[in-house]
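**Student:** show me the folded form of this:
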Amino acid sequence: RLLIFLLLYKDDIRCVRYLELLKKIKPELAEEISVFAVGAREYGIDIGEGGITVKGPLDDLPNTKSNDLIKEAFNFCQIGQYEKGSVLLKERLADKTITHEEKAVLNYALGLSFLYKPYINLDGKELFNNSQGLDYLKEAIKLCPNINEFRRGLIFAYIELEKYPEALEEIKVLLERKPDDKYALYSQGYIYFSTKEWGKAVESWGKLRNIDNILFALIQYEYEQAKQSMK
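**Tutor:** Now for the predicted structure:
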């Protein structure tokens with residue numbers, strides 16, 4: 001469930017990390033991983049013998065003059081140089097000649113960059129400090145409220161922070177615009193499954209059956225588990 005969530009939102013770093021870890025510690029899940037790999041290709045992640053190649057989280061953004069710089073910044077984030085990446089984005093954002101849409105895209109990218117910045121809590125567990133990215137993601141939506149990709153990024157951040165009521169409000173907006181939005185429906189089901197609201201999880205995920213067969217196949221185990229829990 002976590003892998004599918006990361007996959008849908010193109011959080012390639014953690015998706016790759018968890019897959020590689022899973023292969024090492026759970027070799028008995030090889031068949032399930034193979035099934036996941038087939039579905040993953042539809043969402044931009046190719047898991048083959050030669051390694052794992054990914055579609056980046058910025059590929060669906062509006063095309064602006066800053067897109068190449070944004071990709072460069074994310075390359076820094078992916079190798080752990082978070083500060084260098086964010087500095088590039090902030091310097092460009094400070095440029096008063098950028099367009100309105102470009103400013104929105106840069107804010108979105110800055111918000112996402114915080115998803116990749118780990119910090120360590122008192123128990124020594126690695127967490128992801130994306131609370132700092134919320135303001136940037138909200139600003140992107142404020143500047144360009146009709147770009148759904150920005151709202152999906154905010155939903156991702158809210159769910160990562162377990163701010164489920166806030167995430168559900170944003171999901172509601174997406175579904176009002178596009179009732180068959182698979183990202184929104186999956187995230188809605190993910191939240192309800194996590195909070196053990198089985199009936200609502202079944203309802204949300206059940207709608208995916210006729211929208212995206214591959215995605216539904218990947219979550220079918222959890223879907224059936226939720227149905228059983230309703231009894």
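**Student:** poorly predicted segments of the chain, please.
**Tutor:** Counting by pLDDT under 70, the chain contains low-confidence ranges at 1-60, 78-80, 115-131.
**Student:** could you pull out the helices for it?
**Tutor:** Remark: helices assigned in the chain by DSSP state H are 2-8, 12-25, 30-41, 67-78, 82-93, 100-113, 134-143, 148-160, 164-177, 182-194, 198-206, 213-230.
**Student:** got TSV for those, with mean neighbour count too?
**Tutor:** All C-beta atoms are positioned from the backbone trio N, CA, C, and that covers glycine. Written out in TSV, the entries for the helices of the chain read as follows (neighbours: other C-beta atoms under 10 Å):
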stretch	mean neighbour count
helix 2-8	19
helix 12-25	16
helix 30-41	14
helix 67-78	18
helix 82-93	18
helix 100-113	24
helix 134-143	19
helix 148-160	23
helix 164-177	16
helix 182-194	23
helix 198-206	19
helix 213-230	16
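**Student:** need these in TSV with distance to Leu61, can you?
**Tutor:** Putting the helices of the chain into TSV (distance: least, C-beta to C-beta, whole Å) gives the following:
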stretch	distance to Leu61
helix 2-8	16
helix 12-25	15
helix 30-41	21
helix 67-78	7
helix 82-93	13
helix 100-113	6
helix 134-143	10
helix 148-160	6
helix 164-177	17
helix 182-194	15
helix 198-206	26
helix 213-230	22
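**Student:** excluding chain neighbours, what is closest to Lys227?
**Tutor:** Closest residue to Lys227 apart from its sequence neighbours, by C-beta to C-beta, 6 or more residues apart in numbering: Val202 at 5.4 Å.
**Student:** my error: substitute Phe193 in the last question.
**Tutor:** Leaving aside its sequence neighbours, Phe193 sits nearest to Ala201 (C-beta to C-beta, 6+ apart; 4.2 Å).
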